[in-house]
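1. Coordinates for the following, if possible.
(chains A, B, C and D)
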There are 4 protein chains.
Amino acid sequence: MSGVKGRVPFPLVRPLLAEGLGSALLAALVVGSGIAAQQLSDDVGLQLLENAAATAAGLFAIILMFGPVSGAHFNPVVSLADAAFGGLPWRTAAAYVPVQIVGCVAGAVLANAMFAQPAVSVSGTERATGPHLLAEVVATAGLVLVIFSLARSGRAATAPAAVAAYIGAAYWFTSSTSFANPAITVGRMFSDTFAGIAPSSAPAFIAAQLVGGAVGVALIAVLYPRLTPAQAA
Amino acid sequence: MSGVKGRVPFPLVRPLLAEGLGSALLAALVVGSGIAAQQLSDDVGLQLLENAAATAAGLFAIILMFGPVSGAHFNPVVSLADAAFGGLPWRTAAAYVPVQIVGCVAGAVLANAMFAQPAVSVSGTERATGPHLLAEVVATAGLVLVIFSLARSGRAATAPAAVAAYIGAAYWFTSSTSFANPAITVGRMFSDTFAGIAPSSAPAFIAAQLVGGAVGVALIAVLYPRLTPAQAA
Amino acid sequence: MSGVKGRVPFPLVRPLLAEGLGSALLAALVVGSGIAAQQLSDDVGLQLLENAAATAAGLFAIILMFGPVSGAHFNPVVSLADAAFGGLPWRTAAAYVPVQIVGCVAGAVLANAMFAQPAVSVSGTERATGPHLLAEVVATAGLVLVIFSLARSGRAATAPAAVAAYIGAAYWFTSSTSFANPAITVGRMFSDTFAGIAPSSAPAFIAAQLVGGAVGVALIAVLYPRLTPAQAA
Amino acid sequence: MSGVKGRVPFPLVRPLLAEGLGSALLAALVVGSGIAAQQLSDDVGLQLLENAAATAAGLFAIILMFGPVSGAHFNPVVSLADAAFGGLPWRTAAAYVPVQIVGCVAGAVLANAMFAQPAVSVSGTERATGPHLLAEVVATAGLVLVIFSLARSGRAATAPAAVAAYIGAAYWFTSSTSFANPAITVGRMFSDTFAGIAPSSAPAFIAAQLVGGAVGVALIAVLYPRLTPAQAA
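-> Residues are numbered from 1 along each chain as shown, chains lettered A, B, ... in the order given. Sure, this is the predicted structure:
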């Protein structure tokens, strides 16, 4: 997930383009498949199954598309964690974050447009309850564990499939349906559809995600200390 | 996806047979699973879930079947993009396209026959709206991004799984259910069933797919410029 | 899929045990998940989706379990095709076939027992129509194409996933739900449940499967002639 | 699955942390996705499909997270089988088992908390019938076959996907929905929801799982005798 380091130190144009495009596709995927599910199915569980399956399959492809260019983070928590581990310069992480957020907003607008919805609508879905915030902590910690356990053990090539499967599962095993990503949380404010989140719920979700990210980083530091790829192979 | 180059310069009999058979299987897969879904399920979303899951799983297998022989394109946009990148001679691409179209029509007829439908029926499903055409541009650009980001970074062995997952997801996150392929668009005119498209909608769909293909090629040229496999590994 | 050749020429005890156990697990998988689906869901399409998803996932695991011991055929058509290509001695193929059939019958009985059904019941589901037989030809030809295109191009390690995905898709895109295997066809006679087939329909199904197998062998011979793994890599 | 041996002989802190965390995530996954399915869907089969798909996808990720640290067993039967084959010291296996059980209980409590249920509730779902116990024997024997056939043939890298797919399928083809794990059986006592099991049914389930584990070990010993990775490659 850290393909960017060393290869394209200057400029960041290609990595930032990759993060922006990838984040837009990710948001279009999450929001668009949610709209389709809500329009086509009656059972709410079936809607979530459709949304989760599409998200997992599409995420696998999107990570593969952009991985060698930017690391395919599409998620401020992942970029910050990568910086914390020394895989990404802090300056680069700082540049990634706003691009990820703008990309996710653009992707939500794109999904709205593809489904003949108003280009922008503000979600009214309140989600911030205590159990949901606990779920976001768990979901985000798990995401960091998946990504960096692979990165620190010479198995980064498995990350696209592992992250996709993890997110698809986390839609179900967390009560919050696992946003686990501050950028997509912002993006999902801009579509009053299945995958939306009310702006009033977003700050608490993002705070919980940052806490989860920190938990994940701490666990990785304990579980995979100074492990070289050769040791873990 | 470009296994053909250099190995079998003359004649093209085997690659063309592979493209024709593969395109027929692809169309039989898309149309046949659509018929089965429509006959067996009531909920339209469930029908699309069944159609998408079958398409993704089957496409994975079909690409593996024919990849080493022809590159397993089954899609004029992919063949033209491959030619644009220099992976396939233009002359070969020009030979692939009609075979892909004929194969897809034959596959639709085969699906009709397997499901005891009239061998040929013309679809009456109008699909060409502005949002659907936007969706086709997005879907096809994404398909080109998946295929050629892998090809240009030494990860072509992952293409069968990545393309399959992408198409399965794109059935959901695009409002058009992601045809993303002019040959299958023509084939799907010949079955008045779940996956069909009215002939009057086909030209606009194909135009949008060509636009999307061009967008995808441009993005690949920016994101993966002269990248050697060693650099991207 | 031909792991047996050369390594364990005598005796065949382990390969035959592997084929018998694997065939039993396969039949228990197909029949058992069909019973569960029929008991738990109302929508017939949903039942087939559950049956197909379970079959694909389980088949992937079962092929991996026994592949290095016997080749993990569990299917007389595959063993005969392997013999035709010279990958398996004809004598070994002749020993595999009855073991596969007995294994599949035992697996159907096991499924009945696990689901508290009568140990043996004879299916009354007539399936032999012209379109269904055409579907079996297509399904079996495709199965042979998947397996041997991989085997003849140095990609046999992908066969478990590819065969599983193919069968999962073929449940949907063929009107017969893709038996594609004479041994499982016999086994499925012995459970009057979702996945059953009436004995009167079995001979025609098996004949169609043998025709499909021959078509698949012919296509492989044309598409992958004397291709060495090095050439196809 | 035996990554622990030799590399971190002392102390066991990291492996035990990995087994505990992984078992907790596994139980949260199984119980949490069961609660979500039951809350969101009406059809019981659809609930099981959602539960099985989430479990399979999440299990794949969790095994990858912790595999290099502890072997990612999360299951006393697997640890005991590994010890029987000499892959894990008996002393280590004895340390793993209580941690796995405590982890699974903690995970069930976590799932309850995420879904705003009482932190602990005791399941009233009686499951111990003869056919269900037969199913547990089959399910657990199959699990051991999957794991150790791969480990003993140089294909351990495929184990995360294979185990995940196997468990997803076994939810369906066994009538017991395949617990196949004494630790998760204990954990699932502590949530009176979809995935729960009444304490009165647990001892018989665990006994059946131990029998199944022994059957699996015996079959592996016969099928993969003293096979070196080089021979099986």
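
2. Can you classify residue A:225 as helix, strand or coil?
-> Following DSSP: H, G, I helix; E, B strand; the rest coil, residue A:225 is assigned to coil.

3. Quick check, pLDDT for it.
-> With respect to pLDDT, residue A:225 scores 91.

4. Nearest residue to residue A:195 in space, ignoring adjacent ones along the chain?
-> Distances taken as Cβ to Cβ, 6 or more residues apart in numbering or on different chains place residue A:34 nearest to residue A:195, at 3.6 Å, with adjacent residues excluded. Heads up, the C-betas are built off the backbone N, CA and C, glycines and all.

5. now residue A:187
-> Sequence neighbours aside, residue A:104 is the residue nearest to residue A:187 in space, at 3.0 Å (criterion: Cβ to Cβ, 6+ apart).

6. And the stretch of helix or strand the residue nearest to residue A:195 belongs to, what does it pack against?
-> For residue A:34, the host element (DSSP states H and E) is helix A:13-40. Contact here means 3 or more Cβ pairs under 8 Å, 6 or more residues apart in numbering or on different chains; DSSP states H and E; on that basis helix A:13-40 packs against helix A:44-70, helix A:90-114, helix A:182-187, helix B:44-70, helix B:159-173, helix B:202-223.

7. what's the angle between the last one and helix A:13-40?
-> Relative orientation of helix B:202-223 and helix A:13-40, computed by axes from the mean of the first three to the mean of the last three Cα atoms, to 10 degrees: 150 degrees.

8. Mind checking if helix B:202-223 is in reach of chain A?
-> Yes: part of helix B:202-223 sits near chain A under the criterion Cβ under 8 Å from any Cβ of the partner chain, namely B:219, B:222, B:223.

9. Quick one: mean pLDDT for the helix holding residue A:34?
-> So the average pLDDT for helix A:13-40 ends up being 97.

10. related to what we said a few turns ago, Provide the count of other residues in contact range of the residue nearest to residue A:195.
-> 28 (other Cβ atoms under 10 Å in any protein chain shown).

11. Show me which positions of the helix or strand harbouring residue A:147 end up buried.
-> Assigned by DSSP H and E, residue A:147 falls within helix A:130-151. The neighbour-count check on helix A:130-151 (16 or more other Cβ atoms under 10 Å in any protein chain shown) flags A:131-151 as buried.

12. what's the answer for stretch A:104-121, then?
-> In stretch A:104-121, counting by 16+ other Cβ under 10 Å, buried: A:104-115, A:117, A:121.

13. Can I get those in CSV including distance to residue B:54 and pLDDT?
-> Listed next are the buried residues of stretch A:104-121 as CSV, based on distance: Cβ to Cβ, whole Å; pLDDT from 0 to 100:
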residue, distance to residue B:54, pLDDT
A:104, 31, 98
A:105, 34, 98
A:106, 32, 98
A:107, 27, 98
A:108, 29, 97
A:109, 32, 97
A:110, 27, 98
A:111, 24, 97
A:112, 29, 97
A:113, 29, 97
A:114, 23, 97
A:115, 24, 97
A:117, 28, 95
A:121, 33, 94
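
14. Apply the buried test to the residues of helix B:202-223 next to chain A and list what passes.
-> For the residues of helix B:202-223 next to chain A, buried by 16+ other Cβ under 10 Å: B:219, B:223.

15. what's near enough to touch residue A:96?
-> Residues in contact with residue A:96 (Cβ atoms under 8 Å, 6 or more residues apart in numbering or on different chains) are A:15, A:16, A:19, A:70, A:73, A:76, A:79, A:88.

16. ok, now how distant is it from residue A:136?
-> Using Cβ to Cβ, to the nearest Å, one obtains 21 Å as the distance from residue A:96 to residue A:136.

17. quick revisit: next, work out how far apart the residue nearest to residue A:195 and residue A:193 are.
-> Counting by Cβ to Cβ - residue A:34 and residue A:193 are separated by 6 Å.

18. now residue A:30
-> 10 Å.

19. So for those two, which residue has more residues nearby?
-> Between residue A:30 and residue A:193, counting by other Cβ under 10 Å, residue A:30 is the more crowded of the two (31 against 22).

20. Pass me the low-pLDDT residue ranges in chain A, would you?
-> Counting by pLDDT under 70, chain A shows low-confidence ranges at A:1-10, A:226-233.

21. Now do the contacts for the residue of it found nearest chain C.
-> Closest residue of chain A to chain C, Cβ to the nearest Cβ: residue A:46 (9.0 Å). Taking Cβ under 8 Å, 6+ apart, we find residue A:46 in contact with A:37, B:43, B:45, B:46, B:49, D:41, D:46.

22. how about 10 Å then?
-> Contact analysis of residue A:46 by Cβ atoms under 10 Å, 6 or more residues apart in numbering or on different chains lists A:37, A:40, B:43, B:45-46, B:49, C:46, D:40-43, D:46, D:49-50.

23. Buried ones among those residues?
-> Buried among the contacts of residue A:46 (16+ other Cβ under 10 Å): A:37, A:40, B:43, B:45-46, B:49, C:46, D:40-41, D:43, D:46, D:49-50.

24. Dump those to a markdown table, plus distance to residue A:161.
-> Listed next are these as a markdown table, based on distance: Cβ to Cβ, whole Å:
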| residue | distance to residue A:161 |
| --- | --- |
| A:37 | 23 |
| A:40 | 27 |
| B:43 | 29 |
| B:45 | 26 |
| B:46 | 26 |
| B:49 | 21 |
| C:46 | 26 |
| D:40 | 26 |
| D:41 | 26 |
| D:43 | 29 |
| D:46 | 25 |
| D:49 | 21 |
| D:50 | 20 |
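
25. Just say helix, strand or coil for residue A:122.
-> Classified using three-state DSSP, residue A:122 is coil.

26. What's the end-to-end length of stretch A:173-187?
-> In stretch A:173-187, first residue to last residue: 22 Å (Cα to Cα, to the nearest Å).

27. which parts of it are buried?
-> Using 16+ other Cβ under 10 Å as the test for burial, stretch A:173-187 gives A:173-187.

28. Pick out the most distant pair among these.
-> A:173 and A:186 (23.8 Å; Cβ to Cβ).

29. Can you pull the residues of chain A lying near chain C?
-> Within reach of chain C by Cβ under 10 Å from any Cβ of the partner chain, chain A has these residues: residue A:46.

30. coming back round to it: closest to residue C:56 among the buried residues of stretch A:173-187?
-> Using Cβ to Cβ, the buried residues of stretch A:173-187 come closest to residue C:56 at residue A:173, 22.2 Å.

31. pretty sure that closest one is touching residue D:30, no?
-> Yes: between residue A:173 and residue D:30 there is a contact at 8.0 Å, judged by Cβ atoms under 10 Å.

32. how many other residues sit next to residue A:14?
-> 18.

33. Distance check, the residue nearest to it when sequence neighbours are not counted against chain D.
-> Using Cβ to Cβ, 6+ apart and skipping residues adjacent in sequence, the residue nearest residue A:14 is residue A:69, 5.5 Å away. To chain D, residue A:69 is 24 Å away according to Cβ to the nearest Cβ, to the nearest Å.

34. What of residue A:29?
-> Counting by Cβ to the nearest Cβ - residue A:29 and chain D are separated by 16 Å.

35. same question, residue A:26
-> 18 Å.

36. wait, doesn't that residue sit right on residue A:100?
-> Yes: assessed by Cβ under 10 Å, residue A:26 is found in contact with residue A:100 at 9.1 Å.

37. what touches both of these two?
-> Between them, residue A:26 and residue A:100 share the contacting residues A:74, A:75, A:181, A:183, A:184, A:187, judged by Cβ under 10 Å, 6+ apart.

38. Show me which of those residues is closest to residue B:205.
-> Nearest to residue B:205 among the shared contacts of residue A:26 and residue A:100, counting by Cβ to Cβ, is residue A:187 at 28.0 Å.
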